Each structure stands twice: as structure tokens, then as C-alpha cells.
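Chemist: fold the stuff below for me.
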Amino acid sequence: MLLARPRDPGLFTWRPYGKWLLVVTGASCTVVGLSTVWTGLPWLLVPTICGVVVAGTAWFLHRDLRLDRAGRQNDGPA
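Modeler: All right, here's what the predicted structure looks like:
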């Protein structure tokens, strides 16, 4: 028995976010990690900067997908 469930399970699926976030995580960690090694900056900057980049990407993806879905729902015949 479920007491609470999401109204739109499409917002909580892996498909729209997972691949992009995985690519962004790998790319940002590689770029930030190599640049901190080459410049001699402390390693603690890597997870901090990568976390901010991935969180920002997730926010932009969520916002764009939410606006896209809302736009499609309102485009019906008048």
C-alpha cells in the first residue's frame, strides 16, 4: 500500500537526466582534476567545483524539461 506517490512519475525517471548528468560529471571532473594538478591547486577544489557544475546542470535540465512539458500540455486545440 502506497500512502504517498509522485503525481507525475515522469519527473523522477532516469531517462531525461541520467545520461546528461553522467557525461557532465565525467567531463567536469576530468577538466577540473587535470587543471588542479597542472596548476598545483588543492585537491579539495575538485569535488566542490564538480558538485556545483553538476547541480547547476541538473537544475537547468529540470527547468527546461518542466517548461517543455508545460508548453506541450498547453498547446492543445482551443
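Chemist: list the helices and strands the helix or strand bottoming out on mean pLDDT in the chain packs on?
Modeler: Least confident helix or strand, the chain: helix 45-74 with a mean of 81, by mean pLDDT, DSSP states H and E. Helix 45-74 is packed against helix 18-39, with contacts defined by 3 or more CB pairs under 8 Å, 6 or more residues apart in numbering; DSSP states H and E. Using the backbone N, CA and C atoms, a C-beta is placed for each residue, glycine as well.
Chemist: which strands and helices sit next to the helix it packs on?
Modeler: helix 45-74.
Chemist: any idea of the angle the helix it packs on forms with helix 18-39?
Modeler: Interaxial angle, helix 45-74 versus helix 18-39 (axes from the mean of the first three to the mean of the last three CA atoms, to 10 degrees): 150 degrees.
Chemist: the nearest residue to residue 24 once chain neighbours are set aside and residue 44, how far apart?
Modeler: Nearest non-adjacent residue to residue 24, counting by CB to CB, 6 or more residues apart in numbering: residue 57, 4.7 Å away. Counting by CB to CB, to the nearest Å, the gap from residue 57 to residue 44 is 21 Å.
Chemist: tell me which of these two has more neighbours.
Modeler: Set residue 57 next to residue 44 and count neighbours by other CB atoms under 10 Å: residue 57 wins out with 17 against 9.
Chemist: any idea how far that one lies from residue 37?
Modeler: Relative to residue 37, and taking CB to CB, residue 57 is found at 23 Å.
Chemist: what sits against residue 58?
Modeler: 17, 21 (CB atoms under 8 Å, 6 or more residues apart in numbering).
Chemist: what about residue 50, neighbour count?
Modeler: 20.
Chemist: wait, it touches residue 29, no?
Modeler: Yes: in this structure residue 50 lies within contact range of residue 29 using CB atoms under 8 Å: 4.9 Å.
Chemist: the residue nearest to residue 24 and residue 23 touch, don't they?
Modeler: No: between residue 57 and residue 23 there is no contact under CB under 8 Å: 9.3 Å.
Chemist: in CSV, list the C-alpha atoms belonging to stretch 51-65.
Modeler: Extracted C-alpha coordinates of stretch 51-65, given in CSV (Å, rounded to 0.1, in the frame of the first residue of the first chain):
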residue,chain,number,x,y,z
GLY,A,51,29.4,19.4,-7.4
VAL,A,52,28.4,22.9,-8.3
VAL,A,53,28.7,22.2,-12.0
VAL,A,54,26.6,19.0,-11.8
ALA,A,55,24.0,20.6,-9.6
GLY,A,56,23.7,23.6,-12.0
THR,A,57,23.3,21.2,-14.9
ALA,A,58,20.6,19.3,-13.1
TRP,A,59,18.7,22.5,-12.3
PHE,A,60,18.9,23.7,-15.9
LEU,A,61,17.8,20.3,-17.2
HIS,A,62,14.9,20.1,-14.8
ARG,A,63,13.8,23.7,-15.6
ASP,A,64,14.0,23.1,-19.4
LEU,A,65,12.2,19.8,-19.2
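Chemist: no further queries at this time; thank you.
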